[in-house]
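Enquirer: Here's a sequence, model it:
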Amino acid sequence: MRIRQGESIAVGPGKIALLEAIQVHGSISAAARSLGMSYRRAWLLIEELNKALNSPATSSEQGGQRGGGSLLTPVGAEIIRLYRAIERDAYQACADDIGTLTSLLKGA
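Expert: The predicted structure follows:
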């Protein structure tokens, strides 16, 4: 599922996976590495997401002894929760059709 804002994707599976990775790893760079993504790409995705929101999904600390990091804000945690709930509900509502579609795939 993707939610668009104008021409860009405000929320989609890639941004949700990145938010979840930030939640686990505590930094954009570690999250990006865990997803096999460049830091620049991850940073641009977070920047795009935060610009689309009324309040940011992440907060970052600069430098310091531990090199800074990023945390989810309550908004970021709520975005993940809502997205995963919608995804779960949609899958349940469409389970029969998904099964039929899957049966059309090779190796099914």
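
Enquirer: three-state assignment of the residue most central in space within the chain?
Expert: The centroid of the chain falls nearest to residue 16 when counting by Cα atoms, centre = their mean (1.3 Å). Using DSSP: H, G, I helix; E, B strand; the rest coil as the criterion, the local structure at residue 16 reads helix.

Enquirer: and the helix or strand hosting residue 22, what does it pack onto?
Expert: Per DSSP states H and E: residue 22 is located in helix 13-25. Helix 13-25 sits against helix 28-34, helix 39-52, strand 69-72, helix 74-93, with contacts defined as 3 or more Cβ pairs under 8 Å, 6 or more residues apart in numbering; DSSP states H and E. Yep, even glycine has a C-beta here, placed from its N, CA and C like the rest.

Enquirer: Turn the ones you listed into JSON lines, including mean pLDDT, mean neighbour count and distance to residue 8.
Expert: Shown next, in JSON lines, are these (pLDDT from 0 to 100; neighbours: other Cβ atoms under 10 Å; distance: least, Cβ to Cβ, whole Å):
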{"stretch": "helix 28-34", "mean pLDDT": "95", "mean neighbour count": "19", "distance to residue 8": "19"}
{"stretch": "helix 39-52", "mean pLDDT": "94", "mean neighbour count": "16", "distance to residue 8": "6"}
{"stretch": "strand 69-72", "mean pLDDT": "92", "mean neighbour count": "18", "distance to residue 8": "21"}
{"stretch": "helix 74-93", "mean pLDDT": "96", "mean neighbour count": "13", "distance to residue 8": "16"}
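
Enquirer: Pop out the phi and psi values for residue 37.
Expert: Torsion angles at residue 37 (phi, psi; degrees, to the nearest 10) stand at phi -120, psi 150.

Enquirer: Thank you, goodbye.
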